[in-house]
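Enquirer: predicted model and sequence below, questions to follow.
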Amino acid sequence: MATAIDSATKGQNGSLTGKKPTVVFVLGGPGSGKGTQCANIVQNFGYTHLSAGDLLRAEIKSGSENGTMIQNMIKEGKIVPSEVTIKLLQRAIEESGNDKFLIDGFPRNEENRAAFEDVTKIEPAFILFFDCPEEEMERRLLNRNQGREDDNIETIRKRFKVFLESSLPVIEHYNSKGKVRKIDAAKPVEEVFEAVKAVFTPKDEKAAV
Ligand SMILES: Nc1ncnc2c1ncn2[C@@H]1O[C@H](COP(=O)(O)OP(=O)(O)OP(=O)(O)O)[C@@H](O)[C@H]1O
Ligand SMILES: Nc1ccn([C@@H]2O[C@H](COP(=O)(O)O)[C@@H](O)[C@H]2O)c(=O)n1
Ligand SMILES: [Mg+2]
């Protein structure tokens, strides 16, 4: 069945001249500030923010048949199978009506990356990578107070391990293609956003200032 992603990719009449959606993958360790900065980017640059973690948490709440499996994976800091997460992302893209997306917390491993590329044929414009020391991320997560079941020290340590072992190689993959825009995320929110703005501001606009 043809999807909105197909038509965006192939054009309304199925030709190959249509414009693909612009996708920026927003990556970084747990608590590095991805969600916080995405909210700022949405306000300033007209993107739609899709957090893979938020979509998975909403799926649990919806009472879906995958809910218990997803909940168990999140509690353990494990990565949910790609087909589940990609379906949620595809649905959110189709329902948004926008053509510019910040996909936050995805791809989290090589399986996520390859499956997304396979299914959607979308190549990200670039990867926004929030680089932050573990001690700072740990402090932030333990103070977040949003009632997340995975914001406890035991699960946080598991999430850090998964980030190092499975997610960093994805960032390295894109780095080798010159697609990573690395941001020092240890600074205060406003300073981080100054660096983010520079990445999203077109070169000719920077020159005019
Ligand atoms: N630059 C910053 N300095 C201090 N605190 C920050 C900064 N950025 C975000 N925070 C705070 O740290 C916590 C984690 O931020 P946020 O939820 O944006 O991270 P995240 O990368 O989306 O985390 P996760 O991967 O767990 O979803 C929040 O309480 C947020 O208010
Ligand atoms: N691609 C993804 C993204 C997230 N998860 C699971 O959700 C948890 C929370 O993610 P956040 O980005 O909100 O921190 C994460 O630890 C994973 O369990 C996933 O499986 N796949
Ligand atoms: Mg987040």
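Expert: Cool, the structure landed. Ligands and ions are numbered 1, 2, ... in the order given.
Enquirer: enumerate the residues of this protein near ligand 3.
Expert: Contact residues, the chain versus ligand 3 (Cβ under 5 Å from the ion): 34, 35. In this view, the C-beta of every residue, glycine as well, is placed from N, C-alpha and C.
Enquirer: contact partners for whichever residue of the chain sits closest to ligand 3?
Expert: Taking Cβ to the ion, ligand 3 has its nearest neighbour within the chain at residue 35, 3.5 Å off. By Cβ atoms under 8 Å, 6 or more residues apart in numbering, residue 35 lies in contact with 49, 51, 54, 104.
Enquirer: tell me the secondary structure for it?
Expert: helix (DSSP: H, G, I helix; E, B strand; the rest coil).
Enquirer: and it, how far from residue 144?
Expert: 10 Å (Cβ to Cβ, to the nearest Å).
Enquirer: stretch 91-99 and ligand 2, any residue contact?
Expert: No. Judged by Cβ under 6 Å from any ligand atom, stretch 91-99 stays clear of ligand 2, getting no closer than 12.9 Å.
Enquirer: quickly list what the spatially most central residue of the chain is bridged to.
Expert: Nearest residue to the geometric centre of the chain (Cα atoms, centre = their mean): residue 104, 1.7 Å. Applying DSSP bridges to residue 104 gives these bridge partners: residue 26, residue 51.
Enquirer: need the residues of this protein near ligand 1, please.
Expert: Within reach of ligand 1 by Cβ under 6 Å from any ligand atom, the chain has these residues: 28, 30-36, 53, 105, 140, 144, 188-189, 192.
Enquirer: mind running it again at 5 Å?
Expert: 30, 31, 32, 33, 34, 35, 36, 140, 144, 189, 192 (Cβ under 5 Å from any ligand atom).
Enquirer: chain neighbours aside, what residue packs nearest to residue 141?
Expert: residue 31 (4.1 Å; Cβ to Cβ, 6 or more residues apart in numbering).
Enquirer: contacting residues around residue 197?
Expert: residue 44.
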